[in-house]
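# Give me a model of this one.
(one chain, ligands or ions: 1)
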Amino acid sequence: MVSATLMVSGTGEGMAASRRVVTPGADQRPPVTGPFGGLTDVVIQRLRVGDQVAAAKFGTGKPIDDPAREAQELAQVRQDAVTVGIDPDATVRFFQDQIAASKVVQRGLFALWTAHPDLAPVVRPDLTAIRTELDALTTELLRQLVRVRDVQRGPLCRVRLAEAKVTGEIFERLDRLHRRALSVALASVCP
Ligand SMILES: C=C(O[C@@H]1C=C(C(=O)O)C=C[C@H]1O)C(=O)O
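Numbering: from 1, shown residues only. Reported below is the predicted structural model:
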């Protein structure tokens, strides 16, 4: 039995974000399907880390936006893209979307927790540790981008992406806020 804070759709944006439910084998969900399944899976993992970032910042006066950190991340992925042989501009665009999506999550949760302080997290995670986790996800996302290169160029890119997006939303039980963030995060995957 795994206890997880799940985001349940249809109950108002973010309102269910802090509802504790116990799901049998939440770690055994079916995988997001199709050639973009792996990529979408990691994108969703990164969105969930956005919840942790929000919890680390909320009530501390730390702003959601950290332009210096963003610039450093984007410079790094530009360099990494060249190393692994994928388009640096497209890669930077993709990571700009990941950052924007994380901020959608953070803003949504800040708004929720401000309006409903009883739903605010009681434990404040360590932002430095979370950023280490984000860096690891960056490496994994780059790996996934290399894997999907040909599908991105193919005629069915949007169809395949829609498949991964919909199965991701359902299997990962994303609420409205996280679905909105997922749309932002996947916006530039297909040319
Ligand atoms: C995730 C954070 O919040 C924002 C989003 C970032 C990201 O998604 O990489 C980076 C910096 C911040 O603008 C953070 O501060 O680490």
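# what are the ranges of the helices in the protein?
37-57, 67-84, 88-115, 127-147, 149-153, 157-171, 176-185 (DSSP state H).
# Low-confidence stretches in the protein?
1-28 (pLDDT under 70).
# now with 90?
In the predicted model, the chain carries pLDDT under 90 at residues 1-33.
# residues from it in reach of the ligand?
Residues of the chain lying close to the ligand by CB under 6 Å from any ligand atom are 53, 64-66, 69-70, 73, 98-99, 102-103, 131, 134. All C-beta atoms are positioned from the backbone trio N, CA, C, and that covers glycine.
# among these, which ones are buried?
By neighbour count, with 16 or more other CB atoms under 10 Å, the residues of the chain next to the ligand hold 53, 64, 66, 70, 73, 98-99, 102-103, 131, 134 as buried.
# what's the spacing between the residue of the chain found nearest the ligand and D66?
Proximity of the chain to the ligand (CB to the nearest ligand atom) peaks at S102, 3.4 Å away. Separation of S102 from D66 (CB to CB, to the nearest Å): 11 Å.
# From G108, how far out is the residue lying closest to T60 once chain neighbours are set aside?
The shortest distance from T60 to any residue other than its chain neighbours is 7.4 Å, reached at R124 (CB to CB, 6 or more residues apart in numbering). Look at R124 and G108: by CB to CB, they are 18 Å apart.
# More neighbours: these two, which one.
Comparing R124 with G108 by neighbour count (other CB atoms under 10 Å), the higher total belongs to G108, at 22 against 13.
# from what I can see that one touches L177, true?
Yes - between G108 and L177 there is a contact at 4.1 Å, judged by CB atoms under 8 Å.
# Please look at A185 and R48 and confirm they touch.
No - A185 is beyond contact range of R48, at 11.6 Å (criterion: CB under 8 Å).
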